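J.: Predicted model follows, preceded by the sequence.
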Amino acid sequence: MSEDIYPVPAEWAENAKVDAAGYDRLYRQSIDDSEAFWLEQAKRLDWLAFPSRADESSFLQADFGIKWFADGRLNVAANCLDRHLASRGAAPAIVWEPDDPTDTPRIITYLELYEQVCRLANVLKAQGVKKGDRVTVYLPMIPEAAVALLACARIGAVHSVVFGGFSPDALAGRIEDCGSKIVITADEGRRGGKTVPLKANVDAACDLAGIVETVIVVAATGGTVTMKPGRDVDYATVMAAAPAKCPTEPMSAEDPLFILYTSGSTGKPKGVMHTSGGYLLWAALTHETVFDYRPGQVYWCAADIGWVTGHSYIVYGPLANGGTTLMYEGVPNWPDASRIWQVVDRHQVEILYTAPTALRALMKDGDGFVAKTSRTSLKLLGTVGEPINPEAWRWYHEIVGEGRCPIVDTWWQTETGGHMITPLPGATPLKPGSATKPFFGIEPKLLDEKGAALEGPASGNLVIARSWPGQMRGVWGDPERFFQTYFTTYVGVYTTGDGARRDADGYWWITGRVDDVINVSGHRMGTAEVESALVLHAKVAEAAVVGFPHDIKGQGIYAYVTLNAGEESSDALRKELRDWVRTEIGPIATPDAIQFAPGLPKTRSGKIMRRILRKVAEGDVASLGDTSTLADPAVVDDLVKNRVG
Ligand code: 6R9
C-alpha cells in the first residue's frame, strides 16, 4: 500500500474554509463539547422552532434510540429553496446535462425550481397525499427527480426512491414494503444512448404490488406508453393546472424525510430511514466543508439519484447551501471516454465527485480521451463508493487534475447519511487510498473479533462510538431489525460492516466489507439477495454467491449453482440464469461468472464455508486452508477443477 504523502497545496491552506489548525480545533470541540458544537452548527439551517437540545441518542438496548434536535421544527424544502429566493432566485440551482451531447442542457434557477416544487406539491396534495404518506420515485436522472424529492419534503410526505435499473419485481417489493400508494415515474429513461422502459416496469410492478392507486408519468423521452385510465396521470398536464405556490408543512426534526432501500447480509433489502433536521444538517455541513463549497461554483456529483450519494450530494446538501448542482442524465463514457471531461468543460465544473469504478473504466481507455479536453475549471476532485486503489487515485490526481486538485476520498454509507471519514481539502495531507481522518463529531474505533478496542496502528472492525446528526433512525417497518443489525455485534457502538486499518499517523484505510455484502461498481449487493433470486429458478436446487476481485467493477459476482437432480448444466442454462437474475433484481446484480457445482462445501452442521468459495472464485486455490471440517472434503476438488475464469 502506498505511503507517499501529498501535502495540502499552499493556496488551499490559505483560502479554504477549514485549514489544518481549524480542523483540529473544530474536531476537538465536536467531541469534547458536542452539545454546544452541534447547537451552534444547527444555526446553518432555518428553523421554525430552534432546538433546545442536540443529541439525545443511545446505542444501548435499555434506552435505545437515535434522536437529534428533537424539539426543533423546520421544513427541508424551505431550507433548500425558499430561503435562497431573495438572494439567489435567479441563480442556477440545477444545471442539467442530457444523455445525448447534441441535445440542449437545461438550467433551472432557484425561482423556477421553487415553482415546480410547489406545483408538484399541490398535485400530490390533490391526489390525496398527506404528511407521513410514502411516495415511490422511479425516475431517470432528469430535474423532475429533484422536483419530486423536494415536493414530498414540502408537504411532509416520505419519499422512497428506487433506482431506475431495478426490475419490476424489485420495485414491487419496495412499493409493498413501505406501503406507497403513489408512484412518480417517466415514460422512459435514457442512459448511454439506450432507453429504459420505466413506465412499463411500473405497470408490471403495480400488477405485482396491487396497492398503487396513482402513477404520475413524466414525458422524458416522448416514447409511447399505455396510460391506465383512473390510475395514470400525465405530469405536464397536472403541473400546468396546479398553483405555483404551496405552503410548507411544519415538521419535527425527527419526522421521516425519506426511505432508501439498501442491501445487507440477509435476503431482503432494508428500508433505511432518515429524518429531517439531523440529516439535512449533516448533508449541508459535509457538503460545504468537505467540498469547500461556495455558492456560484458549479459542482457535479456524478452519482444516480437512486443511491444515497444522489440524495445527499446531488439534491439536499448542495441545495441547502444555495449551490449549483449539475445533474447528468447519462454515463461517463458515452458516446466515448471523453464525455465526462467534456461535460466538465461545457459547464465549467469546479468540483467533481465520482466513483473509483468509473475512474478505472475511463483509465483503461487511455489518457488520450482526457488530454483532448481542457479541465482547467476543476479545483477539487472527490471519490465515493468503494476503496480507491492508489493507481486510480494517482491517475485522477495527475492526469485528470494535472496535479493541481486535492482528492477527497469520502467514506460513508447509506446508513450514515453523509461523509464520515474524509479529508478536508485545506486541512488534510493526502495518502492515496486512505479516507484519512474522521469528520467533526465522528469517533471511529477499531475492534477485534471479541470486541476489544485496538489502539495505535491496527486493523479490525470499524465501529462508530457515538451518534452523529446524519445517522439513520430506523429500518422502515422493522424497529427491531435496526437494533439487531447494527448494535448487537458489539455493544454500545454502531457497527459499520466495514473493516479498516489505522496507520501510525492515525489515518484510516477502509479495507472493505466484513459481512456478506459485496460492492459491485460502487453498488451494494447482498450475496443473499442474488442467492434468493437464483433458487427461485425451477432448475436450481441451491446457490452460493461470493465476490471476487474485478479490474473495473472492484468486485464481481461469482455464483455457485447446484442444479436439481436430472437437470443438465450448459452454457445456454448459464445465460438463462444470468438473464433470470437480471429480471428478478436488475442488471447490476447479473453474475459475472456462474459455476455449476454438484455440491457446495459445507460443514457437518450444514453451514456453507464461504471462505473456500471466495478463494476458488479468486483463483487462489493454493491457500484454501483447512478443509478437514467439511462434511465432504471431495467437493473442493470438483470446485477447483471446474472453476470459471
Ligand atoms: C456512500 C455509499 C456503503 C459501503 C461502505 C463501504 C463502501 C463507500 C467508500 C467505501 C472505501 C470509500 N464505501 N465509500 N469504501 N472507501 N471512500 O457508497 O453508500 O451504497 O451504502 O455503500 O461502500 O464498504 O460500507 P452505500
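T.: Cool, the structure landed. In this text the structure is predicted, and so the values were computed from the model without any measurement.

J.: Okay, buried residues for stretch 244-264 please.
T.: If you call a residue buried by 16 or more other C-beta atoms under 10 Å, then stretch 244-264 has these buried ones: 246, 248-249, 251-264. All C-beta spots, glycine's among them, are computed from the backbone N, C-alpha and C.

J.: Those in strands, which ones?
T.: Met251, Ser252, Pro256, Leu257, Phe258, Ile259, Leu260, Tyr261, Thr262 (DSSP state E).

J.: In contact with the second one, which residues are there?
T.: Going back to what we said before, that points to Ser252. By C-beta atoms under 8 Å, 6 or more residues apart in numbering, the contact set of Ser252 is Ala70, Asp71, Gly72, Arg73, Ser276, Gly277.

J.: who wins for most neighbours among the residues you listed?
T.: Most neighbours among the contacts of Ser252, by other C-beta atoms under 10 Å: Gly277, with 28 neighbours.

J.: C-terminal to the longest helix belonging to the chain, what's the next element?
T.: When the chain is scanned for its longest helix (criterion: DSSP state H), the result is helix 110-126. Helices and strands here follow DSSP states H and E; after helix 110-126, the next one along the chain is strand 134-138.

J.: Please export the C-alpha coordinates of that next one as CSV.
T.: Output of strand 134-138 as CSV, limited to C-alpha atoms (Å, rounded to 0.1, in the frame of the first residue of the first chain):
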residue,chain,number,x,y,z
ARG,A,134,-44.9,7.3,1.3
VAL,A,135,-44.3,8.3,-2.3
THR,A,136,-42.2,6.0,-4.6
VAL,A,137,-40.0,7.8,-7.1
TYR,A,138,-38.8,5.7,-10.0
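
J.: Can we start the residue count at 58 from this point?
T.: Fine by me, first position is 58 from now on; the one you just mentioned is strand 191-195.

J.: sorry, back to before: the ones in strands among the buried residues of stretch 301-321: which ones sit near the ligand?
T.: Thr319 (C-beta under 6 Å from any ligand atom).

J.: how about the ones in strands among the buried residues of stretch 301-321 in CSV, adding pLDDT?
T.: Listed next are these as CSV, based on pLDDT from 0 to 100:
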residue, pLDDT
Met308, 98
Ser309, 98
Pro313, 98
Leu314, 99
Phe315, 99
Ile316, 98
Leu317, 98
Tyr318, 97
Thr319, 94
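
J.: In this protein, which residue sits furthest out from the middle?
T.: Most distant residue from the mean C-alpha position of the chain: Gly623, 42.3 Å away (C-alpha atoms, centre = their mean).

J.: dump the residue contacts of that one.
T.: Contacts of Gly623 by C-beta under 8 Å, 6+ apart: none found.

J.: Give me the pLDDT for it.
T.: The model reports Gly623 with a pLDDT of 94.

J.: Can you say which helix or strand has it in it?
T.: Secondary-structure assignment from DSSP H and E places Gly623 in no helical or strand segment.

J.: Let me know whether Thr332 touches Gln528 as I believe.
T.: No: look at Thr332 against Gln528 with C-beta atoms under 8 Å: they stay out of range, at 9.6 Å.

J.: Of these two, which one has the most company?
T.: Thr332 (29 against 26).

J.: To what extent is the closest residue in space to Ala183 that isn't next to it in sequence buried, counted in neighbours?
T.: Excluding the flanking residues, the one nearest Ala183 by C-beta to C-beta, 6 or more residues apart in numbering is Ala299, at 7.2 Å. Using other C-beta under 10 Å, Ala299 is surrounded by 20 other residues.

J.: got the contact list for Ala299?
T.: By C-beta under 8 Å, 6+ apart, the neighbours of Ala299 are Cys175, Arg176, Leu177, Asn179, Val180, Ala183.

J.: How about Gly321?
T.: Lys327, Thr542, Gly554, Asp572, Val574, Gly583.

J.: give me the subset of the residues you listed touching the ligand.
T.: Gly554.

J.: Quick check: the closest residue to the ligand within the stretch 358-507 of the chain vs Arg163, distance?
T.: Using C-beta to the nearest ligand atom, Thr471 is the residue of the stretch 358-507 of the chain that sits closest to the ligand, at 3.4 Å. From Thr471 across to Arg163, the span is 29 Å (C-beta to C-beta, to the nearest Å).

J.: Same drill for these two, tell me which one is more crowded.
T.: Thr471 (19 against 15).

J.: Neighbours of whichever residue of the stretch 108-257 of the chain sits closest to the ligand, how many?
T.: As assessed by C-beta to the nearest ligand atom, the ligand sits closest to Phe220 within the stretch 108-257 of the chain, at 10.6 Å. Counted by other C-beta under 10 Å, the residues lying close to Phe220 total 20.

J.: Give me the pLDDT for it.
T.: Reported pLDDT for Phe220: 96.

J.: The nearest residue to it once chain neighbours are set aside: what's it in contact with?
T.: Of all residues not flanking Phe220 in the chain, Gly363 sits nearest, at 2.9 Å (C-beta to C-beta, 6+ apart). Gly363 makes contact with Val218, Val219, Phe220, Gly221, Gly222, Phe223, according to C-beta under 8 Å, 6+ apart.

J.: From the ligand, how far off is Asp535?
T.: From Asp535 across to the ligand, the span is 18 Å (C-beta to the nearest ligand atom, to the nearest Å).

J.: Number of residues surrounding that residue?
T.: 15.

J.: check which helix or strand covers Ile651.
T.: Per DSSP H and E: strand 650-653 holds Ile651.

J.: Could you pull up the mean pLDDT of that strand?
T.: Average pLDDT, strand 650-653: 97.

J.: same thing with stretch 657-671?
T.: Stretch 657-671 comes out with an average pLDDT of 86.

J.: Next: stretch 376-386.
T.: Mean predicted lDDT for stretch 376-386 stands at 98.

J.: buried set for it?
T.: Within stretch 376-386, the residues scored as buried using 16+ other C-beta under 10 Å are Leu376, Ala377, Asn378, Gly379, Gly380, Thr381, Thr382, Leu383, Met384, Tyr385, Glu386.

J.: quick one: which of the residues you listed sit in strands?
T.: Per DSSP E, the subset of the buried residues of stretch 376-386 in strands is Thr381, Thr382, Leu383, Met384, Tyr385.

J.: wait, doesn't the second one sit right on Tyr373?
T.: No: in this structure, Thr382 sits apart from Tyr373 without contact. The criterion is C-beta under 8 Å, and the distance is 9.9 Å.

J.: Spit out the contact partners of Gly249.
T.: So Gly249 contacts Asp156, Gly387, Val388, Asn390, Trp391 (C-beta under 8 Å, 6+ apart).

J.: Farthest-apart pair in those residues, please.
T.: Farthest-apart pair in these is Asp156 and Asn390; separation 12.3 Å (C-beta to C-beta).

J.: Pick out whichever of those two has more residues nearby.
T.: Asp156 (23 against 17).

J.: pretty sure the more buried one is touching Met384, no?
T.: No: with contact defined as C-beta under 8 Å, Asp156 and Met384 do not form a contacting pair (11.5 Å).

J.: Between these two, which contacts overlap?
T.: Listed contacts common to Asp156 and Met384 are nil; contacts here mean C-beta under 8 Å, 6+ apart.

J.: Show me how far stretch 150-170 is from its chain's centre.
T.: 23 Å (C-alpha atoms, centre = their mean, to the nearest Å).

J.: Distance check, Asp89 against Ala229.
T.: For Asp89, the distance to Ala229 - C-beta to C-beta - is 49 Å.

J.: scratch that, Arg130 is what I was asking about
T.: Counting by C-beta to C-beta - Arg130 and Ala229 are separated by 35 Å.

J.: For this structure, which residues are neighbours of the ligand?
T.: 319, 364-366, 441-444, 466-471, 492, 553-555, 567, 569-570, 576, 581.

J.: Now a PyMOL select for only the buried ones of the residues you listed.
T.: To isolate in PyMOL the members of the residues of the chain next to the ligand that are buried, counting by 16+ other C-beta under 10 Å, one can use:
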select buried, resi 319+364+365+366+441+442+443+444+466+467+468+469+470+471+492+553+554+555+567+569+570+576+581
